[in-house]
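Asker: Sharing a model prediction with you, sequence too.
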Amino acid sequence: MELVDKIIKGERAAIAKAITLVESSKDTDQQISRELISELIKKPGKSIRVGFSGPPGVGKSTFIESFGSYLVSQNYKLGILAIDPSSQITGGSILGDKTRMVEISKNPNTFIRSTPSRGTLGGISMGTREASIILDAAGYDFIFIETVGVGQSEIVASNLVDIFTLIVGPGSGDELQGIKKGITEYADIFIVNKNDGELKMEASKTAADYKSALSYYKKLDALEKQVLLVSAIEQTGMEDVIKTINQIIDQNKLKGIFDERRADQLEYWIEEEVKNIIASDITKRLTSKGNIPKYSEKVMKNEMSMYEAVETITKDTLKQ
Amino acid sequence: MTNKSNNGFNTWQKSFEKETKKNFSDAKSETDEGIDIKPVYTRDDLENFSFVENNSLPGQWPYTRGPKASMYTNRPWTIRQYAGFSTAEESNEFYKKNLESGQKGLSVAFDLPTHRGYDSDDDLVMGDVGKAGVAIDTVEDMKILFNNIPLDQMSVSMTMNGAVLPVLASFIVAGEEQGVDKSLLSGTIQNDILKEFMVRNTYIYPPEPSMKIVADIIEFTSKEMPKFNSISISGYHMQEAGADNVLELAYTLADGMEYVRAAMSKGLDVDDFAPRLSFFFAIGTDFFMEIAKLRAARTLWAKIMKNFGAKNERSLILRTHCQTSGVSLTEKDPYNNIIRTSYEALSAILGGTQSLHTNSFDEAIALPTDESARIARNTQLILQNETGVTKTVDPLAGSYFVENLTEELSKKAWDIITEIEELGGMTKAVKAGIPKLKIEESATKKQAKVDSGSRVVVGVNKYKNPKEPSVDVRVIDNNRVRDDQIKKIQAIKKSRDTIAVEKALTNLTNAAKDETNLLIPCIEAIKLRATVGEVSKALEQVYGRHFAKSLSVSGVYGKHFEGDEEFMKVESKIKEFENLNGRRPRVLVVKMGQDGHDRGAKIVATSFADMGFDVDMGPLFQSPKDVAKDAIENDVHAIGVSTLAAGHKTLVPELMKGLKEIDPKSKIIVFVGGIIPEQDYDFLYENNVSAIFGPGSNIIESAEKVIDLISDNLSKE
Ligand code: B12
Ligand SMILES: Nc1nc2c(ncn2[C@@H]2O[C@H](COP(=O)(O)OP(=O)(O)OP(=O)(O)O)[C@@H](O)[C@H]2O)c(=O)[nH]1
Ligand SMILES: [Mg+2]
């Protein structure tokens, strides 16, 4: 494929077009996209994929601008996939990330793509995983994925990356109680942002809260979780972040966890794809047979029970 | 006995209901501010006031009726026309002509590079030099600007906020070198940074250091320049950006309170500086509302200053400049603008303004020509000399309606002010972006009213002129101005004492690290011929440059069009497009260069999103190259360039070049909106611009054209 060569050469327009293909809801695009990804997977780059998630407004974009500037100043190439949370009733959206990534978006060593989330689970949009494969093949050293953290979404996002970072704000220690349970499972690094000005005290306190909460769960987890204090605005703490990322990656590679994770993610991906295909196939069959309205009417008329209807429809639908 | 219970009123009400076939209680009309206007007001409506005092007099507490006892009966308001373009030489000529023709005070409009602290030779400002104001790079330019204008006699107002330090310093040094001591300089420096973050967008540094600079200037002028207004606290730009009158009033006064606190934190006594605080309001088309606003502003400010412990009466008095509304003026059928401006001017006068700028009829086309500027000035001369409005002070006092409206506005504004104070004041609110968002919401509502036809704009959405007149346009060759300025900068850099300049700049940088009043080292640097850009950079080293985070409203526009056929037609075209192409049409809306007019861009973005487009919003001040990178990486179908400050002939071709550089086969189409004189259309089309949307464009119609153009373009594959 011509497109593959262009992507590997790092041609900006080709990368962009390829991402459009993997995000497209059109069947023919999906077909091409599958061929494309199959090709690209054979030619992996060496990028490290880092996820950044956190509640709206904690400063994810500002942090990425700050941290990203630091990385490009160290001559790293940086790809950013920003899943923009602004979804609307009307379906259209305003993608405003670039107003928060002014400096890095100018840099020739970055590629920044925003995608409207369209209310999909976890704010991860269709095609995010594929897009990161494209950027990997195109030679980016780091791929950042920014998602809004709302409940379940972190788990979905953490399944796409090598290292997952939760960004929180000062004073979020209270929320910790609620999310403590699963917290160590998916996040590798906790970044407490806004460690500046009047918020400094609060930020330190929050970091301490996280640390103590995490130490409580330490036994359950083989890996040391890191809690870092940064200020995206004042650009402090950035060296710590990269140092920690590199440390964890090295350590994970050494222990085989890095590859293990990627293997797990591949399994998860395959499972998801299979489920998707089956689900859309079943949906098609359901609609074409029109069984649901038919049986629902019978239930209404008390001709059969709800569960009888379900069973009958299921059998009929699965029957080839 | 009150009116309502008397027979007269009952009879009136019956007649009214018979004539209108409406219940009196339903016969109200709601203003943009959410105030219900009744069809008639009576003496009853003068009761239960908590702000307005019915028996007050002009020049007396609470100053509702005017800052002075005699007002225009003694001396009419100052005709002060805002102007500036191209080089200092050309602007100086223009000023002198205007003064000969009856103008009384000067008001300098600087170009955008100067506003943002860049010299004319900076690559970032290529399209902007001399375009939307006069370019000032050094004190030499400032001296030329006031050549043969004696600064001890002429009061000079300067709209400068971002680069306020080097510009005020240049003014002081220019005076000094003209032989005028700074204590004799009279005039005003705008120095109002909070509204820059909200709406005007010519900030340089982040909010905190910017507020410190404001306070430095208040401190310096209060001690050294007794005839000079240290600040012009401005609501004008808020209304022009879309604020209704309550928002304008409340945010302006809340800003004022913040400045008072900033100055007091420097250890000044409130009475040391408060008499030299001045204000600036816009006067829009809502005739009585605008009058009431000025009366309410004075009333509230007196109360506010009393709360600050002011003892000097002059500290309590709000003095203001006004400008008629530019945004009410139209590109279509432009002579209508003369009429609009006249009514607005009358409104400002009946409200008791101290000075006034009236806009030219070519406002929505370009900077005024000599001819259009003359008509604008004459509007005021006629008011002063022919109409008799100067003969009575506050002639509308006692009007049931106007007094009631003054009270209503005061109440509503006071509620907002109280709310902001509870949140910790305007600096905090501005940093969180709330006022900006509220203003954008209000602007979007107004646009929806015009686009849906529920608000009539003569010549635009009704009573269109079938034979649009073509008008002369002031053309500025920015390349020539830029070349001239660069030559001047180079000459100065050659002849000055470089080592001394560098030392002065280092001093300034160091001063920014502590509490030193920055104007003092600034004056030193400027005297030695440091440039405006160098001085700004010296401070930037410590403070950094501020990038605004932009938030967007959503759903406000769409809500106005529920069930609207045209709107739904566009929506369904977009759905169709999505089915066909696997994604929604995606448009990148951008502002390039130093043009900070973002009202149009923001409104278009939110409205397009409401119709179903995916809209990428670029930051302010992008370079064409950066836009090209953004557009290609996000694989947008189209770029919508919003351009109002006349940079389009430089910036649009650069953008086209930028796109081709990254992707020679780029199929991204470009369309342009904003202030584009008809004379430039062909130039843009020749540069492959697909469509142009000028002022007054209906957004739904524009959206339909955009989706059609995108579809056409894709089908060409
Ligand atoms: C409002 C306004 C301001 C506000 C801006 C507030 C804001 N945040 O936007 C304030 C008061 C702050 C301001 C300041 C200045 N202004 Co001003 N301003 C105007 C004014 C009166 C109206 C512009 C406007 O907002 N209209 C309403 C919006 C909705 O309309 P619009 O932007 O035209 O958009 C419509 C269409 O054009 C089109 N459109 C526009 N963009 C796009 C994009 C797309 C994708 C599409 C599809 C359509 C589209 O659709 C929109 C809906 O109909 C114009 C004159 C005029 N009447 O147009 C002067 C004007 C633009 N300003 C001017 C100047 C000079 C300035 C200053 C530079 C003055 C100075 N020297 O200090 C300053 C600096 C501002 C800066 N930072 O750049 C000049 C520019 C001169 C020129 N082009 O030759 C003008 C033309 C006035 C004049 N004749 O002198 N200004
Ligand atoms: N004080 C302080 N404020 C910050 C910092 N980082 C971000 N902010 C502010 O927090 C607000 C939100 O920042 P964003 O970067 O847009 O946050 P986000 O998490 O990307 O937001 P969404 O994408 O909308 O979820 C902005 O007003 C920033 O200026 C920081 O380090 N310190
Ligand atoms: Mg973000």
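Answerer: Yep, it's here. Numbers count the residues shown, from 1 in each chain, chains lettered A, B, ... in the order given. Ligands and ions are numbered 1, 2, ... in the order given.

Asker: Is chain B within reach of the longest helix belonging to chain A?
Answerer: The longest helix of chain A (DSSP state H) is helix A:257-289. No - shown here: helix A:257-289 not in contact with chain B (C-beta under 8 Å from any C-beta of the partner chain), separated by at least 15.2 Å. From N, CA and C alone the C-beta is placed, and that goes for glycine too.

Asker: can you map out the helices along chain A?
Answerer: Using DSSP H, helices in chain A cover A:2-9, A:12-23, A:27-41, A:60-73, A:102-106, A:128-137, A:153-158, A:173-186, A:200-217, A:238-255, A:257-289, A:291-300, A:306-318.

Asker: so of those, which one's packed in deepest?
Answerer: helix A:128-137 (a mean of 24; mean count of other C-beta atoms under 10 Å in any protein chain shown).

Asker: Run through the chain and note the low-pLDDT ranges.
Answerer: Chain wasn't specified; assuming chain A. A:86-91, A:118-125, A:149-154, A:173-185, A:216-224, A:320 (pLDDT under 70).

Asker: wrong chain, I was asking about chain B
Answerer: B:1-5, B:717.

Asker: Contact partners for the residue of chain A found nearest ligand 3?
Answerer: Ranked by C-beta to the ion, the top residue of chain A for proximity to ligand 3 is A:Ser61, at 3.3 Å. With contact taken as C-beta atoms under 8 Å, 6 or more residues apart in numbering or on different chains, A:Ser61 is in contact with A:Ala82, A:Asp97, A:Arg100, A:Met101, A:Glu146.

Asker: How many residues are close by the closest residue to it other than its chain neighbours?
Answerer: Among residues not flanking A:Ser61 along the chain, A:Arg100 sits closest, at 3.7 Å (C-beta to C-beta, 6 or more residues apart in numbering or on different chains). A count of neighbours around A:Arg100, defined by other C-beta atoms under 10 Å in any protein chain shown, yields 21.

Asker: Could you pull up the contacting residues of the closest residue to chain A within the stretch 1-150 of chain B?
Answerer: As assessed by C-beta to the nearest C-beta, chain A sits closest to B:Leu124 within the stretch 1-150 of chain B, at 11.4 Å. Contacts for B:Leu124 (C-beta under 8 Å, 6+ apart) come out as B:Tyr118, B:Gln594, B:Phe621, B:Ser623.

Asker: Could you check how far the last one is from A:Ala82?
Answerer: Read it as B:Ser623. 21 Å (C-beta to C-beta, to the nearest Å).

Asker: And for the second one?
Answerer: Shown here: B:Gln594 relative to A:Ala82, a distance of 27 Å by C-beta to C-beta.

Asker: Mind checking which of these two has more residues around it?
Answerer: Using other C-beta under 10 Å, the more surrounded residue of B:Gln594 and A:Ala82 is B:Gln594, with 27 against 24.

Asker: Redo the contacts of A:Ser61 as a markdown table? Include distance to B:Gly34.
Answerer: Listed next are the contacts of A:Ser61 as a markdown table, based on distance: C-beta to C-beta, whole Å:
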| residue | distance to B:Gly34 |
| --- | --- |
| A:Ala82 | 37 |
| A:Asp97 | 34 |
| A:Arg100 | 33 |
| A:Met101 | 37 |
| A:Glu146 | 38 |
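
Asker: Out of those, which sit inside strands?
Answerer: In strands, judged by DSSP state E, the following of the contacts of A:Ser61 are found: A:Ala82, A:Glu146.

Asker: what's the distance between the helix or strand where B:Leu405 lies and the middle of its chain?
Answerer: Element membership for B:Leu405, per DSSP states H and E: helix B:400-423. Relative to its parent chain, helix B:400-423 has a centroid offset of 22 Å by C-alpha atoms, centre = their mean, to the nearest Å.

Asker: Tell me the helix or strand right after that helix.
Answerer: Using DSSP H and E, the helix or strand that follows helix B:400-423 in sequence is helix B:426-432.

Asker: Dump that next one to PDB, keeping only the CA atoms.
Answerer: Extracted C-alpha coordinates of helix B:426-432, given in PDB (Å, rounded to 0.1, in the frame of the first residue of the first chain):
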ATOM      1  CA  MET B 426     -13.000  40.100  39.100                       C
ATOM      2  CA  THR B 427      -9.400  38.900  38.700                       C
ATOM      3  CA  LYS B 428     -10.400  35.500  39.900                       C
ATOM      4  CA  ALA B 429     -13.600  35.500  37.800                       C
ATOM      5  CA  VAL B 430     -11.600  36.500  34.700                       C
ATOM      6  CA  LYS B 431      -9.000  33.800  35.300                       C
ATOM      7  CA  ALA B 432     -11.700  31.200  35.500                       C
END
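
Asker: how about the following helix or strand past that helix as PDB, C-alpha atoms only?
Answerer: As assigned by DSSP H and E, the chain's next helix or strand after helix B:426-432 is helix B:434-452. Extracted in PDB, the C-alpha atoms of helix B:434-452 (Å, rounded to 0.1, in the frame of the first residue of the first chain):
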ATOM      1  CA  ILE B 434     -16.600  33.100  33.500                       C
ATOM      2  CA  PRO B 435     -17.300  36.700  32.400                       C
ATOM      3  CA  LYS B 436     -16.000  36.000  28.900                       C
ATOM      4  CA  LEU B 437     -18.200  33.000  28.500                       C
ATOM      5  CA  LYS B 438     -21.300  35.000  29.700                       C
ATOM      6  CA  ILE B 439     -20.500  37.700  27.200                       C
ATOM      7  CA  GLU B 440     -20.100  35.100  24.400                       C
ATOM      8  CA  GLU B 441     -23.400  33.600  25.400                       C
ATOM      9  CA  SER B 442     -25.100  37.000  25.100                       C
ATOM     10  CA  ALA B 443     -23.400  37.600  21.800                       C
ATOM     11  CA  THR B 444     -24.600  34.200  20.500                       C
ATOM     12  CA  LYS B 445     -28.200  35.000  21.500                       C
ATOM     13  CA  LYS B 446     -28.000  38.300  19.700                       C
ATOM     14  CA  GLN B 447     -26.800  36.700  16.500                       C
ATOM     15  CA  ALA B 448     -29.600  34.100  16.700                       C
ATOM     16  CA  LYS B 449     -32.100  36.900  17.000                       C
ATOM     17  CA  VAL B 450     -30.800  38.600  13.900                       C
ATOM     18  CA  ASP B 451     -30.400  35.400  11.900                       C
ATOM     19  CA  SER B 452     -33.900  34.300  12.800                       C
END
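
Asker: same for helix B:434-452, what does it pack against?
Answerer: The helices and strands touching helix B:434-452, judged by 3 or more C-beta pairs under 8 Å, 6 or more residues apart in numbering or on different chains; DSSP states H and E, are helix B:236-241, helix B:245-264, helix B:426-432, helix B:556-559, helix B:599-611, helix B:699-715.

Asker: Mean neighbour count added to those, as JSON lines?
Answerer: Shown next, in JSON lines, are these (neighbours: other C-beta atoms under 10 Å in any protein chain shown):
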{"stretch": "helix B:236-241", "mean neighbour count": "27"}
{"stretch": "helix B:245-264", "mean neighbour count": "25"}
{"stretch": "helix B:426-432", "mean neighbour count": "20"}
{"stretch": "helix B:556-559", "mean neighbour count": "20"}
{"stretch": "helix B:599-611", "mean neighbour count": "27"}
{"stretch": "helix B:699-715", "mean neighbour count": "18"}
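
Asker: Fine by me, thanks again.
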